[in-house]
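[1] build the 3D model from these lines:
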Amino acid sequence: MSLRGAAIVVGVPRLLSFLLTAVFVAIALVPAATPATAATTVCVLACDTRDPSLAQQESFPVPNKDLNGRRLELHVSDADDMAWASIDGGVTGDSVWLDRSWNGGATWEGLLGKASIPGTWTGTRTLMYNITDPRNHRRALVRACGDAAAVGCTNWAYPTVCDTLCDGTDPAQAAGDDQPVPSSTLYGRTIRLHVDQRNSTAWASIDSGGAGDEIWLDRSWDGGATWPDGSSLGRTSTPSGATATRTAMYATRDPRGLLYGGAVRACGREASHQEGSCTAWVRPAPTRARAAADALMSSYDPYNGWWPSSWWNSAATLTSLIDFAKTTGTHDYDWVVARTFDQNKGTFAAGVRSSDAIEGDFISRANDDAGWWAIAWLDAYDYTGNSRYLHEAVTIANYVQQYWDAGTCGGGVWWDRERTYKNAVTNGQYLWLTTALHQRIPGDTLWLQRAQTAAAWYRSSGMINSSGLVNDGLTSACGNNGSTVWSYNQGLAIGGFTELWKTTGDNSLLTTARTLADAAISSPTLTSGGVLTESCDIGSASCDDNQKQFKGIFMRHFADLAKATGSSTYLSYVQKQSDTLWAQDRSPVNVLGERWAGTSPDPSDWRTQASALGALTAAG
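    Residues are numbered from 1 along each chain as shown. Below is the predicted model of the structure:
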């Protein structure tokens, strides 16, 4: 009996319904494949050695291989980003496996999942293996191989990267020709990198040369650190009688492989010398926000569904990504919303996601950490309409509500389960969350009452100082503790009062929001030279991993006030942040740093990237 049918259980129209029962019986009898010891296990949406019966779909991207009368076939599930191999029409002892190459087919991990046809059978298959590795910024090629009195293999699958345009497209089809970095010169030749920003593609050219000069592109999925599968793309020689030539175009995004924000550079060689010269690496920028989002996605861990290794920062980063998608109508990252939810809704021991244990439903002892996740899921609900996100936000808010305590300082939410501190961040979140839940739950009165109580308490709490700035929290004696004015505390308060004003029409709430906003943009505590500036952005100071993300949160809420009021002052401030960080704080690969004015030291990571994305999205 052939096992070919057993390998294509999911979503395969070729299977006749009357054979399904037999097929499922056959699946249970498929001998287990042994993964090759030379390969390192790759985990993307699932880990290597997954059973093909769990595949979400099936396609056949390359022709079958006839191997001494046996049918050797490569199967791919694009939805899983995994592949498996099968052999049919064989005899006992025939074997099948996958090869996987991380460098364009130059070398490969062989014998992946090797399986042999057992007695009485005529076919078998391997388990599934990943064909991309975005966590480690790698893109693979895979092929099916077999041994049936001779060894043979199918073609490699997916040698061509495709986005809106595919590798190999003629530059004449480009939507534009931008040269974002200086050209390189070599023995009088000029090597240029050309970018079609709209389609995120690039090509290279060499001119002022002669016959035999060479030009090519390198492509890297990690910002230029490595390029094992993207070396010498489109390598082209200048023909006889010519002084210039160019490559074809190549894509810098591989959505099928969950690889975004690829970087490219142009390289060339003069005919009579071996050494070459290259331009700087570049990531295309279709728009400011799209460029920031693509670069941000290079840090996402799709297997664990977060940005390692910060728990609350991942929630705020997801919110930035959803805001970008909502604002621009870009759906490339929709899968990230569900993936983050599904992979993180459960429990985690202390040290796995946070220094605190995560107890399920994104809840831990730190109420503000839980609050960031509630905000993210409300944003996800608005974007997707999926009620599970609203329900999750309600679950988290109900938990936080337990720590509203009128017996200390007249009200307010405790920052932590141990009730050690009443601070601005937790209460700013609470005001915004209670208002937002009221807005989204038909017929609600309870959350509205809580929001109004929270607003009244916040205004009277003393956390807003005489300059209209929000200090970090209250002393044990319930007075303003004079601690650092952080931009995100200011922003959360602006957002909370703005939302409640939009809901109730109470203009005193708008007055409070405006007072907070005016203080933020006029006070040197938060704004320097017209640019939003954290206290840790000054002099030789540097922000920690939490503080790196504060400014983007401020911009989200400040922009809401700007749009709600139409204030030209506020709208101009929003635009100023976008213009400044884009001009002064961006690298050629669209990395955006901590200091939006570009001063030094200016560290960068995914937290600073998400913060800047918030500002770029706010400006539209």
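[2] pull the residues that contact the strand or helix carrying T395.
    Assignment of secondary structure by DSSP states H and E places T395 within helix 387-401. With contacts defined as Cβ atoms under 8 Å, 6 or more residues apart in numbering, helix 387-401 is touched by 341, 345, 361-363, 367, 370-371, 373-375, 377-378, 380-381, 413, 426, 429-430, 433-434, 436-437, 440-441, 447, 450. Backbone N, C-alpha and C define where each C-beta goes, glycine included.
[3] please, a ChimeraX command that selects the buried ones among the residues you listed?
    Here is the ChimeraX command that picks out the buried ones among those, judged by 16 or more other Cβ atoms under 10 Å:
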select :341,345,361,362,363,367,370,371,373,374,375,377,378,380,381,413,426,429,430,433,434,436,437,447,450
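[4] which ones among the contacts of helix 387-401 lie within helices?
    341, 367, 370-371, 373-375, 377-378, 380-381, 426, 429-430, 433-434, 436-437, 440, 447, 450 (DSSP state H).
[5] quick one, helices of the stretch 1-150 of the chain?
    Using DSSP state H, counting those that start in this stretch, the helices assigned to the stretch 1-150 of the chain run over residues 20-29.
[6] er, the stretch 151-300 of the chain I mean
    288-297.
[7] and the strands in it?
    If DSSP state E, counting those that start in this stretch is used as the criterion, the strands of the stretch 151-300 of the chain fall at 151-153, 184-186, 189-196, 201-207, 214-220, 233-237, 245-246, 250-251, 263-269, 276-278.
[8] report all helices and strands that the second one contacts.
    The criterion is 3 or more Cβ pairs under 8 Å, 6 or more residues apart in numbering; DSSP states H and E, and the helices and strands that strand 184-186 contacts are strand 189-196, strand 263-269, strand 276-278.
[9] name the helices or strands packed onto the first one?
    It stands for strand 189-196. Based on contacts counted as 3+ Cβ pairs under 8 Å, 6+ apart, the elements that strand 189-196 packs against are strand 184-186, strand 201-207, strand 263-269.
[10] and the contacts of stretch 192-203?
    By Cβ under 8 Å, 6+ apart, the residues outside stretch 192-203 that reach it are 163-165, 169, 171, 174-181, 183, 204-207, 217, 234, 246-253, 264-266, 279, 282, 284-286, 294.
[11] so which bits of it are buried?
    For stretch 192-203, the buried set under the neighbour-count rule, 16+ other Cβ under 10 Å, comprises 192-197, 199-203.
[12] about what we covered before: now the helix holding T395: buried residues?
    Under the neighbour-count rule (16+ other Cβ under 10 Å), helix 387-401 has 389-390, 392-397, 399-401 buried.
[13] format those residues as CSV; extra columns: pLDDT and distance to D334.
    Putting the buried residues of helix 387-401 into CSV (pLDDT from 0 to 100; distance: Cβ to Cβ, whole Å) gives the following:
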residue, pLDDT, distance to D334
Y389, 98, 13
L390, 98, 17
E392, 98, 17
A393, 98, 19
V394, 98, 23
T395, 98, 23
I396, 98, 22
A397, 98, 25
Y399, 98, 27
V400, 98, 28
Q401, 98, 31
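[14] closest to W501 among those residues?
    Nearest to W501, judged by Cβ to Cβ, of the buried residues of helix 387-401 is A397 at 20.2 Å.
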